[in-house]
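Engineer: Show me the folded form of this:
(chains A and B)
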Amino acid sequence: MKKIISLSALLLISYLAGAQVNDVSGAIIDTTGIYGERQDSIQTAVFTGHQAGNYLPRGKEIRTEVISAAGLCKMACCNLAESFENSASVTVGYSDAVTGAKQIRLLGLSGIYTQMLDENRPVMRGLSAPFGLSYVPGQWLESIQIAKGSTSVINGVESMTGQINMEHRKPTDEKPLFINYSAMTDSKMDLNIASSLQLNDNWSTVMLGHVSGNFATMDMNHDTLLDDPLTLQFNLANRWLYYAPSGVQVRFGVRAIRDSRTGGQMFRDADNGKHFYDPDSYTLTPAAEALNPWGSKILNHSVNGYVKVGVPLNEDNSQNIALVADYTYQDMDSWFGATKYIADQHSGFFNLLYQNEVSEAHKFTVGLGGNLDGYIEDFARLYTGLNPVQTFKGRNLLGNAGIFAEYTYHYDTKFSLIAGLRQDVFYNHDGEKKFLPRFSPRLTLKYSPIEEVVIRANGGRGLRFSTPLVDNIGVFSTSKIFRGDPNSHILEDAWTFGGNITYYMPFGASSNTYLSFDYFRTQFVQQMVVDYEHYLNQIDFYALDGRRSYTDNFQLDFNVEPVERFTITLTARYSNAKIELADKGLVERPMTSRFKGVLNLQYALPMNKWIFDFTASLNGSSRVYDFMRDMTDADGNLLYKNGRTPVYPLLYLQVTKRFKGVDLYVGAENLTNYKQKVLVCGDTGADGKINPASPSFDASCVWGPLMGIKVYAGLRFTLWKTEKI
Amino acid sequence: MKKYIFILLTAAACVAGGQFTAFASPTSNTSVPAMAKPKKDIKTVVFSANLHCKACVNKVMDNVAFEKGVKDLKVDLEKQTITIKYDAAKTNPEKLAAAIEKLEYKAKVAE
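Structural biologist: Next up, the predicted model:
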């Protein structure tokens, strides 16, 4: 306790002394660039009090969309998943109608094929993935970069469709206190606190805190399932930066998360008392009078620690070495009806790099790195009828270690080339072959024939071990029989190729007027297929094994500021995702929307004193699973004509009023009040209600919004560091 | 499908229309002399300041914008300048320089 008080006093004294991280010339160091180019640097040097929300930076070799701090304030953005609502590149959807887990899609493929990075450290892997997007509070972030296609080999080759990198609030931010509170009409509440303190010339730190929860038990569509699970999340992080006069920089940090969520059915007893799912008392064969609500209960705990060290080897830092080490412990205890999945994961990541900028034209990086994931799993699933019990219990070790080299060539600002090679050995302790050597080349080209035009192309290989159950967490929200091997860790293997052309046009009030076109194709050589259609009321897990699986993606982006402080962004994406399913042939990948269009309008009064944001998205149809084709609504109307989900719009509106140090905002989501009509598939019981014990029960057939209009309000308070404090 | 496209376009047009009305209103105000208030003495001053990075720009934007009398603000990181339009009846360059210096930047009126 005394230590904590001493540390707090030290922090306070240092803060009151007004220390800041300075270099020898007195300039505040821009510390984000230790390991390379600053990720969120924006291309224009003139700021008119209106920063672009989403934009495509010119200088990036890989097609990258940046969601800036301004972009993160356009919507409620309570967490990372919601931050992508105004992006067409990334589609966000629920994994199921029960757990509240959200998943993203990039290039028409599940988010498991996108590598998530936290300031260039891989995160949200394995057990951390299903709910990981909910564990990054939007207000902790400074910016997000979405890089499409085959990205750098330096952080491994798990990225297949691209990388999403998050930049958090920095220790060097001169904001000793930031508080954000928001509340939604669905009773979701969010509280975020951040404090960046510069202790002296060498040390600075940022503390980040988050508490959120959902406390109401709403069932607006009267299907007996809660619209949103009851949740309570605590999230705490502390990050440090040490900057030595010699140029050595050390960053380290810790983080802890605790999250609990209860979803599913809620029944009221004769005394109007509420009853929720209880894994201890739930049974597939309840007594006639028993309430026996079906649902899910999930407890997640996570602890993370990391260290990054950068050491310049000469005065101009053209040669340096860097070490990155990261450890994460994730504990997921979950129950879904008559299914138990209790798992622990210990994850280690390390990377050692040597970088040499030989000249302005030539630069290379060489290094070695890898991941090691230890899983301890306890799974049991009861079924009615045949094959009543399915279990597995045990430990497994998955990992990879590799050496890599990446060469970068720049010819003026006209041409750039990045060639990356990586040789890994993948290790699967339970695999038929324990060691799997794999070679992954990646190539990126950027050519700018004239200043206004940028042409990019890239391609390369991606590899990752599948973790079928947690990669497809929705399978638990069904009563279907798991067939095949849901516990096999196949080394998934895909090639992605594509390119982009951006034309920066000479009109508008800013230099950020552009028209951009992308095309990317991802083709799998090996993939874990989770097939809901092979057998009725069963989910079949099997390897692609020579069948075809690919996606083609086309995207158009247009951005203009026709008059000062009024921005129009229009994006449209079309995906052609195909997969060859067993005994079915090549079909459109199910539950994958074919297109998405997003229009965002923002108008701000001078100096951003008022900001008005409007976002409209049009979400294209998806092919539904075969067993959904004949589903009807309560009036007997066919729900999915031609076996496709309907096209639906989503509208968002937000108004922000800014005062000195305080922003107040109110907004609304899903203004058209569009909701997926029937959230649960399967046979109904004698009472006409859903019957979770039926083998056809499936609450994972989610393609649209679960809830209608939601209104929210919030405030952001920022205390800036000034000479008086 | 057509219905949704229509809804989206209508909504977009409404919002865009609203915005353009907002642009138009200041002009229409100035063209109504009957409502004439005493004309404000709006002046512009350019400071050179030791700004280092985007964070400095944000700090200036978020604080100086709310100083009394400030009507508009532009920060140029490359040229290291802060251009302020202000109401001369409410503030002056000295007060504005003090507001910038309070943020720990050196501010000097540019030549």
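Engineer: how does chain B divide into domains?
Structural biologist: Following automatic domain parsing, one finds the domains of chain B at B:2-35, B:42-109.
Engineer: Check these for me: which has the lowest mean pLDDT.
Structural biologist: The stretch with the lowest average pLDDT out of these is domain B:2-35, scoring a mean of 45.
Engineer: Tell me the bridge partners for residue A:681.
Structural biologist: Beta bridges link residue A:681 to residue A:698, judged by DSSP bridges.
Engineer: I meant to write residue A:690 there.
Structural biologist: Beta-bridge partners for residue A:690, by DSSP bridges, are residue A:684.
Engineer: Then residue A:167?
Structural biologist: Counting by DSSP bridges, residue A:167 forms beta bridges with residue A:143.
Engineer: burial of residue A:439, as a residue count?
Structural biologist: Other residues within reach of residue A:439 by the criterion other C-beta atoms under 10 Å in any protein chain shown amount to 12. Every C-beta, even on glycine, is put in place using the N, C-alpha and C of the backbone.
Engineer: Now the residue nearest to it when sequence neighbours are not counted: which helix or strand?
Structural biologist: For residue A:439, ignoring the flanking residues on the chain, the nearest one in space by C-beta to C-beta, 6 or more residues apart in numbering or on different chains is residue A:423 at 5.3 Å. If you go by DSSP states H and E, residue A:423 is part of strand A:415-428.
Engineer: buried ones in stretch A:580-590?
Structural biologist: Buried positions in stretch A:580-590, judged by neighbour count with 16 or more other C-beta atoms under 10 Å in any protein chain shown: A:581-582, A:588-590.
Engineer: now swap in stretch A:669-683 and tell me
Structural biologist: Within stretch A:669-683, the residues that qualify as buried by neighbour count (16+ other C-beta under 10 Å) are A:669-672, A:674-676, A:678-682.
Engineer: all helices for the chain, in order.
Structural biologist: Picking chain A for this. Remark: helices of chain A, listed N- to C-terminal, are A:2-16, A:69-72, A:129-132, A:468-471; assignment by DSSP state H.
Engineer: That was the other one, I meant chain B.
Structural biologist: Secondary structure of chain B (DSSP H): helices located at B:2-30, B:54-64, B:93-102.
Engineer: Show me what the second one is packed against.
Structural biologist: In terms of contacts (3 or more C-beta pairs under 8 Å, 6 or more residues apart in numbering or on different chains; DSSP states H and E), helix B:54-64 is packed against strand B:70-76, strand B:81-87, helix B:93-102.
Engineer: Report the backbone C-alpha coordinates of that helix in CSV.
Structural biologist: This file holds the C-alpha atoms of helix B:54-64, laid out as CSV (Å, rounded to 0.1, in the frame of the first residue of the first chain):
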residue,chain,number,x,y,z
LYS,B,54,0.2,16.7,-34.6
ALA,B,55,-0.3,16.4,-30.9
CYS,B,56,0.8,20.1,-30.5
VAL,B,57,-1.6,21.1,-33.3
ASN,B,58,-4.4,19.3,-31.5
LYS,B,59,-3.5,21.0,-28.2
VAL,B,60,-3.6,24.5,-29.8
MET,B,61,-6.8,23.7,-31.7
ASP,B,62,-8.6,22.4,-28.6
ASN,B,63,-7.6,25.3,-26.3
VAL,B,64,-7.0,28.5,-28.3
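Engineer: quick revisit: so for the residue nearest to residue A:439, what's the pLDDT?
Structural biologist: The score at residue A:423 is 98. That number is its pLDDT.
Engineer: That one: how many residues sit nearby?
Structural biologist: Around residue A:423 there are 16 other residues, counting by other C-beta under 10 Å.
Engineer: so who does it touch?
Structural biologist: Contacts of residue A:423 were listed using C-beta atoms under 8 Å, 6 or more residues apart in numbering or on different chains, and they are A:402-404, A:437-440.
Engineer: hey, what's it bridged with?
Structural biologist: Bridge pairing for residue A:423 (DSSP bridges) gives the partners residue A:403, residue A:439.
Engineer: Report the separation between it and residue A:440.
Structural biologist: 8 Å (C-beta to C-beta, to the nearest Å).
Engineer: just residue A:258 next, same as before
Structural biologist: Remark: distance between residue A:258 and residue A:440 (C-beta to C-beta) = 37 Å.
Engineer: List the contacts of residue A:151.
Structural biologist: Taking C-beta under 8 Å, 6+ apart as the contact definition, residue A:151 lies against A:62, A:115, A:159, A:162-163, A:442, A:458.
Engineer: Could you single out the nearest of the residues you listed to residue B:97?
Structural biologist: Of all the contacts of residue A:151, residue A:62 has the smallest distance to residue B:97: 43.0 Å, by C-beta to C-beta.
Engineer: Count the residues that sit near residue A:223.
Structural biologist: Other residues near residue A:223 number 16, with proximity taken as other C-beta under 10 Å.
Engineer: any idea of the pLDDT on it?
Structural biologist: Model confidence at residue A:223 (pLDDT) stands at 82.
Engineer: wait, what's in contact with it?
Structural biologist: The contact partners of residue A:223, by C-beta under 8 Å, 6+ apart, come to A:678-680, A:689-690.
Engineer: again, only this time at 7 Å
Structural biologist: Contacts of residue A:223 were listed using C-beta atoms under 7 Å, 6 or more residues apart in numbering or on different chains, and they are A:679-680, A:690.
Engineer: ok, it to chain B distance?
Structural biologist: Residue A:223 sits 25 Å away from chain B when distances are taken as C-beta to the nearest C-beta, to the nearest Å.
Engineer: so how far is residue A:161 from that residue?
Structural biologist: Applying C-beta to C-beta, one obtains 34 Å for the distance of residue A:223 from residue A:161.
Engineer: so residue A:75 makes contact with residue A:650?
Structural biologist: No - in this structure residue A:75 lies outside contact range of residue A:650 using C-beta atoms under 7 Å: 11.0 Å.
Engineer: More neighbours: the two, which one.
Structural biologist: Neighbours per residue (other C-beta under 10 Å) separate residue A:75 from residue A:650, with residue A:75 holding more: 24 against 20.
Engineer: what's the pLDDT at the more buried one?
Structural biologist: According to the model's per-residue confidence, residue A:75 sits at a pLDDT of 76.
Engineer: OK, contacts around it?
Structural biologist: Shown in contact with residue A:75 (C-beta under 7 Å, 6+ apart): A:82, A:85-86, A:652, A:654, A:667.
Engineer: Lowest-confidence entry in these?
Structural biologist: Taking pLDDT as the measure, the contacts of residue A:75 have their low point at residue A:86 (77).
Engineer: Next, count neighbours for it.
Structural biologist: Here the count is done by other C-beta under 10 Å, and residue A:86 has 26 residues near it.
Engineer: mind listing the strands for the stretch 251-400 of chain A?
Structural biologist: With DSSP state E, counting those that start in this stretch as the definition, the stretch 251-400 of chain A shows strands at residue ranges A:266-268, A:274-276, A:295-312, A:319-336, A:339-357, A:362-382, A:389-411.
Engineer: looking at it, residue B:55 is touching residue A:175, isn't it?
Structural biologist: No - applying C-beta under 7 Å as the test, residue B:55 and residue A:175 come out as separate, 9.1 Å apart.
Engineer: Who has more neighbours out of those two?
Structural biologist: Neighbours around residue B:55 and residue A:175, counted as other C-beta under 10 Å, are more numerous at residue A:175. The numbers are 21 against 18.
Engineer: And that one, its phi and psi?
Structural biologist: Summarising the backbone geometry of residue A:175 under the convention degrees, to the nearest 10, its torsions are phi -130, psi 90.
Engineer: Could I get the contacting residues of it?
Structural biologist: A:196, A:718-721.
Engineer: Show me these that map onto strands.
Structural biologist: Assignment to strands by DSSP state E places the following of those there: A:196, A:718-719.
Engineer: Top of those by number of neighbours, please.
Structural biologist: For the ones in strands among the contacts of residue A:175, the largest number of neighbours (other C-beta under 10 Å) sits with residue A:196, at 23 neighbours.
Engineer: Looking at the stretch 401-550 of chain A, which residue is nearest chain B?
Structural biologist: Nearest residue of the stretch 401-550 of chain A to chain B: residue A:509, at 11.5 Å (C-beta to the nearest C-beta).
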